[in-house]
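Q: show me the folded form of this:
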Amino acid sequence: MLRTAGHDFMDFRKGAGRGGSDGCVNFEDPDNAGIAQCLTQFRITEAYDCVKDRVSVADFLVIAAEVAAARIANSHNSKEFFAEGTLAKTFLDGFKFGRKTAKDCSWNVGLMPDPQNSCG
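A: Numbers count the residues shown, from 1 in each chain. Model (predicted):
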C-alpha cells in the first residue's frame, strides 16, 4: 500500500497541473511493476468496494497507506495508540478528504525517481 500510494503521488507535475494523489497508477509503466498483483493479492479492490460510495479512489489510497504505516507501529493494538500525539490520532484529526480520482494516467510513464540516482 505504501508503494502504491507513493507511486500515485510521485507523478505530480506542477506545471502540467496533473498527477499527484489522484488515485491513478499507470500499471503499464515498468516502474509500477508488481503493484497490480499486490493489490489483487491483498484484496484491496474488495476493501475499496465497501466504501466506494463515500470515498474516492484517490482518498482511499492515502487512507490505506496511512493505515499500513500505522499497523507497522509497535503499539498498534494498544489503547495508547489512539492517545493524543500518536500517528493514529493525528490521522483521525487531520485527514482531509476531497481528492479527485483521475480517469486516465496513460501519460504517466517514466516519471518515478530513478533508484540508481537516489543517493547521488
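Q: is it true that residue 45 touches residue 38?
A: No - Residue 45 is beyond contact range of residue 38, at 11.4 Å (criterion: CB atoms under 8 Å). For the C-beta atoms, the positions are set from N, CA and C on the backbone; glycine is no exception.
Q: what pLDDT, on average, does the lengthiest helix in the chain get?
A: In the chain, taking DSSP state H as the definition, the longest helix is helix 57-71. Helix 57-71 carries an average pLDDT of 87.
Q: go through it and flag the buried ones.
A: For helix 57-71, the neighbour count (16 or more other CB atoms under 10 Å) marks 57-66, 69-70 as buried.
Q: list the helices and strands it packs on?
A: Contact here means 3 or more CB pairs under 8 Å, 6 or more residues apart in numbering; DSSP states H and E; on that basis helix 57-71 packs against helix 2-9, helix 44-49, helix 87-94.
Q: most tightly packed of these?
A: Mean neighbour count (mean count of other CB atoms under 10 Å) peaks for helix 2-9 among those, with a mean of 18.
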